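Attaching a predicted model along with its sequence, questions to come.
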Amino acid sequence: MKIKYNAPTALTYSFFCTLVVALDQSIMHGLTRAFFTVPNADAFDLTSPLNYVRLFTHIAGHADWNHLVSNLAYILLLGPMLEEAYGSVTMFLMIVVTGFVTGVLNACFFPNPLLGASGVVFMMILLASFTNHEKDDIPLTFILIVILYLGREILAAFKGDDISQFAHLAGGLCGSLFGFFQPSRPVSARSISARVAANRSRVSAEPEKTAVARIAAKPKPVKITVKGKSAAPAPHATPSRRSTSTASKPSTAKPSRERSAETARKAPSSAQKAKR
């Protein structure tokens with residue numbers, strides 16, 4: 001048994017977020033605020049190239065370890081399943097697009113800075129509710145998730161805390177759009193490899209099975225021994241024409257003792273010949 005890197009996108013993203021928090025909390029204080037936080041609408045400087053980078057990198061920044069662990073619990077739970085269904089590259093693009101959308105909306109309309117993977121988490125939650133979704137169907141799981149999670153975030157938005165409920169709603173909206181516009185999931189490389197291997201084994205086993213059946217149905221050669229000498233094995237154990245004809249004719253020869261008695265009865269004795 002060995003440890004498998006089963007979800008490259010989800011695991012790499014989680015490790016990178018952990019590394020950022022570890023550096024910010026230990027030796028590089030202020031790293032998260034400098035490079036992994038989107039400024040609010042008032043502080044966003046359109047002439048600063050770094051602000052455009054923050055529109056993407058803010059999803060890797062977290063305020064503390066509790067903030068990180070609460071997000072990673074969902075990412076590591078839902079990420080492998082979604083990555084298996086959509087593929088690692090598609091999952092990476094979904095994360096990047098969600099981060100960009102939430103960052104742009106926050107920089108344009110909201111007065112508080114934004115950091116953290118909460119928008120990505122809600123994207124995964126809404127996207128996971130589309131399991132077994134067909135093109136013309138609206139899954140009931142999606143409706144219930146919208147009521148439970150997004151409804152709770154709408155109510156919490158009126159409390160005025162430091163949590164960006166809007167980022168949660170924007171991430172959930174992104175996950176809903178991803179689920180609706182990509183109902184047919186691509187087949188993973190693992191499934192394709194398994195099917196190809198199964199087809200190859202079946203095709204290779206069929207000729208072998210036919211050859212074995214042919215050998216089993218073939219009659220065994222019969223070895224004929226004539227006067228202590230072994231002849232070549234005959235392909236079929238059928239008797240020859242001569243032996244068949246000889247065996248079918250009845251025997252006309254009489255036993256030698258009966259023949260002698262009959263000859264003696266018919267032939268005159270030597271005494272009768274002398275008397276005549």
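Sure thing, it's come through.

quick one: contacts for A41?
Each residue near A41 by C-beta atoms under 8 Å, 6 or more residues apart in numbering is listed here: 106-111. C-betas here are computed from N, CA, C, even on glycine.

Write a PyMOL command that selects only the buried members of the residues you listed.
The PyMOL selection below is limited to those of the contacts of A41 classed as buried (16 or more other C-beta atoms under 10 Å):
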select buried, resi 106+107+110
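
now, which of the contacts of A41 sits nearest G151?
Distance to G151, by C-beta to C-beta, is smallest for F110 among the contacts of A41, at 20.4 Å.

List the contacts of the closest one.
40-41, 164, 166.

I'd like these laid out as JSON lines, including pLDDT, secondary structure and distance to C174.
Below are the contacts of F110 laid out as JSON lines (pLDDT from 0 to 100; DSSP: H, G, I helix; E, B strand; the rest coil; distance: C-beta to C-beta, whole Å):
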{"residue": "N40", "pLDDT": "88", "secondary structure": "coil", "distance to C174": "21"}
{"residue": "A41", "pLDDT": "86", "secondary structure": "coil", "distance to C174": "20"}
{"residue": "S164", "pLDDT": "73", "secondary structure": "coil", "distance to C174": "15"}
{"residue": "F166", "pLDDT": "84", "secondary structure": "helix", "distance to C174": "13"}
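
Now for these: which two are most distant?
Pairwise across the contacts of F110, and taking C-beta to C-beta, the largest span is found between A41 and S164, at 12.7 Å.

Common neighbours of the two, please.
106, 110.

shaky segments in the stretch 101-250 of the chain?
For the stretch 101-250 of the chain, the stretches flagged by pLDDT under 70 are 133-135, 157-163, 183-250.

Buried ones among the contacts of F110?
40, 164, 166.

Spatially, what comes nearest to the second one if we skip its sequence neighbours?
With sequence-adjacent residues excluded and distances taken as C-beta to C-beta, 6 or more residues apart in numbering, S164 is closest to L114, at 5.5 Å.

can you give me phi and psi for that neighbour?
Main-chain torsions, L114, degrees, to the nearest 10: phi -130, psi 130.

The helix or strand Y52 falls within - contacts with which helices or strands?
Secondary structure assignment for Y52, by DSSP states H and E: helix 49-57. On a contact count with 3 or more C-beta pairs under 8 Å, 6 or more residues apart in numbering; DSSP states H and E, helix 49-57 meets helix 31-35, helix 88-109.

highest average neighbour count across these?
Highest mean neighbour count of the helices and strands packed on helix 49-57: helix 88-109, a mean of 19 (counted as mean count of other C-beta atoms under 10 Å).

Just after it, pick out the following helix or strand.
Following helix 88-109 in sequence order, the next helix or strand is helix 118-128 (DSSP H and E).

Which other helices and strands does that following helix contact?
In terms of contacts (3+ C-beta pairs under 8 Å, 6+ apart), helix 118-128 is packed against helix 65-86, helix 88-109, helix 140-145, helix 165-181.

Return it as CSV; C-alpha atoms alone will do.
Output of helix 118-128 as CSV, limited to C-alpha atoms (Å, rounded to 0.1, in the frame of the first residue of the first chain):
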residue,chain,number,x,y,z
SER,A,118,-14.9,30.9,1.4
GLY,A,119,-16.1,31.7,-2.1
VAL,A,120,-14.4,28.6,-3.5
VAL,A,121,-15.9,26.5,-0.7
PHE,A,122,-19.4,27.7,-1.6
MET,A,123,-18.7,27.1,-5.3
MET,A,124,-17.8,23.5,-4.5
ILE,A,125,-20.9,23.0,-2.3
LEU,A,126,-23.3,24.2,-5.0
LEU,A,127,-21.5,22.3,-7.7
ALA,A,128,-21.6,19.1,-5.7
